[in-house]
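Asker: make a model of this:
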Amino acid sequence: MGIIGTIVVGFIVGLLARAIKPGNDRMGLIMTTLLGIAGAFIARYAGMALGWYSEGEPAGWIASIVGAVILLVIYGMVRGSRHRV
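Answerer: Now for the predicted structure:
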């Protein structure tokens, strides 16, 4: 998959993760895309560590969305603690 395909998949995964996680997560299209791409990478490497994926195999859609939701929760915790001060 090329870079354009990765960006499109990352954007879709980021949108789905934001739709699944409740709450108001204010971020633009670029942050949503980066969230989805990073979620897919986290899912891939976690899956490789657990033996679900082999080397060079991309993570599935569901695993990518779960990885993006986890990142979104962490992002919300970091951003929330910074805004409380």
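Asker: how far away is residue 12 from residue 20?
Answerer: 13 Å (Cβ to Cβ, to the nearest Å). C-beta: built from backbone N, CA, C; applies to glycine.
Asker: between the two, which one's more packed in?
Answerer: The neighbour comparison of residue 12 against residue 20 (other Cβ atoms under 10 Å) goes to residue 12, with 16 against 12.
Asker: now do the contacts for that one.
Answerer: With contact set as Cβ atoms under 8 Å, 6 or more residues apart in numbering, residue 12 has these partners: residue 36.
Asker: give me the element it is part of.
Answerer: Per DSSP states H and E, residue 12 falls inside helix 3-20.
Asker: mind listing what's buried in that helix?
Answerer: 6, 9-18 (16 or more other Cβ atoms under 10 Å).
Asker: give me the mean pLDDT for that helix.
Answerer: For helix 3-20, mean pLDDT is 81.
Asker: related to what we said a few turns ago, which of the buried residues of helix 3-20 lies closest to residue 29?
Answerer: residue 11 (7.3 Å; Cβ to Cβ).
Asker: average pLDDT across the host helix or strand of residue 36?
Answerer: Residue 36 is part of helix 29-50, with elements assigned from DSSP H and E. Averaged across helix 29-50, the pLDDT comes to 83.
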